[in-house]
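Q: build the 3D model from these lines:
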Amino acid sequence: MRLKDKIAIVTGGARGIGRAIAELFVREGAVVIMMDILPEGKAVAEAIVSSGGKAEFHAVSVTDKPAVASLFEQVNNRYGRIDILINNAGVTRDRTLEKMSEEEWDTVVEINLKGVFICTQAVIPYMKDNRWGRIVCAASNVGLRGNFGQTNYAATKAGIIAMCKTWTLELGKYGITANAVAPGPTMTDMVKQIPQEHLNVILESVPLKMVAEPEDIAYGYLYLASEEARFVSGTCLTIDGGMSR
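A: Sure thing, here's the model as predicted:
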């Protein structure tokens with residue numbers, strides 16, 4: 001098992017890619033603490049436990065700094081350390097630049113970017129004490145190439161990549177790595193709602209002519225969270241079927 005007995009926190013773990021990460025990490029031996037404001041996360045954690053895995057669910061928002069700090073302290077006190085932080089939580093509020101409201105901009109920046117800042121800042125003291133840590137953040141290929149109607153989302157995902165590069169410089173001496181994963185189109189609930197004609201247009205831009213399953217992306221997180229990636233930091237692993245070639 002590649003994550004045997006590691007303590008991993010996964011934000012946005014209730015569904016989609018976050019759920020796939022949580023379930024894969026558990027299969028690889030980790031204890032997974034799932035954070036999400038979606039109540040279905042509780043059922044996901046219960047299903048993991050009933051099948052013999054180790055998981056917890058906590059209804060905590062990544063934007064609630066005191067609640068995040070309290071939860072991380074509880075986790076560290078209970079298990080003696082926090083090994084892995086997966087910053088996966090994120091939202092979209094798509095609209096063209098001319099029509100985008102300030103509220104739509106602020107909501108996406110607050111959750112996608114500030115939430116990553118809050119959670120990472122909270123976990124660092126525990127990882128420094130242990131002199132080992134893996135921080136893996138959800139970027140997007142949109143953060144590399146832009147996308148029509150996603151000024152706010154693209155800005156946050158590009159910012160996440162830049163933050164990981166900065167954290168590599170600041171935290172490397174403590175044995176902590178910081179990396180990003182940039183998925184392309186993935187069969188999450190959001191993508192399933194796209195009309196087939198629009199999905200066909202997306203598929204035309206993917207050289208592999210397919211949409212990823214959440215587990216396809218989760219395996220990238222597994223690699224970056226594992227001991228195998230001990231010399232990988234400050235990078236962005238693109239998993240998008242060749243779109244960002």
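Q: in its sheet, what does the single longest strand found in the chain sit against?
A: What stands out as the longest strand in the chain, according to DSSP state E, is strand 176-183. Using DSSP bridges, strand 176-183 pairs in its sheet with strand 133-138 (parallel), strand 236-239 (parallel).
Q: and for the nearest residue to Ala229 once chain neighbours are set aside, the neighbour number?
A: Using C-beta to C-beta, 6 or more residues apart in numbering and skipping residues adjacent in sequence, the residue nearest Ala229 is Tyr223, 5.6 Å away. Glycine gets a C-beta too; all of them are placed from N, C-alpha and C. Look at Tyr223: counted by other C-beta atoms under 10 Å, it has 16 neighbours.
Q: just the pLDDT at Tyr223, thanks.
A: Tyr223 is assigned 98 on the pLDDT scale.
Q: show me what contacts Pro185?
A: Val191, Ile202, Leu203, Val206, Val211, Ala212, Asp240, Gly241 (C-beta atoms under 8 Å, 6 or more residues apart in numbering).
Q: pretty sure Val26 sits against Val32.
A: Yes: applying C-beta atoms under 8 Å, one finds Val26 in contact with Val32, separated by 5.3 Å.
Q: roughly how far apart are the residue nearest to Ala229 and Thr156?
A: Counting by C-beta to C-beta, to the nearest Å, the separation of Tyr223 from Thr156 is 23 Å.
Q: likewise Lys54?
A: 31 Å.
Q: more neighbours: the two, which one.
A: Thr156 (28 against 16).
Q: ok, the more buried one - contacts?
A: Gly90, Val108, Val109, Asn112, Leu113, Gly143.
Q: ok so, going back, the longest strand of the chain - what's its average pLDDT?
A: Here the average pLDDT along strand 176-183 is 98.
Q: try stretch 102-116
A: 98.
Q: before we move on, what about stretch 195-204?
A: Mean pLDDT, computed over stretch 195-204, is 88.
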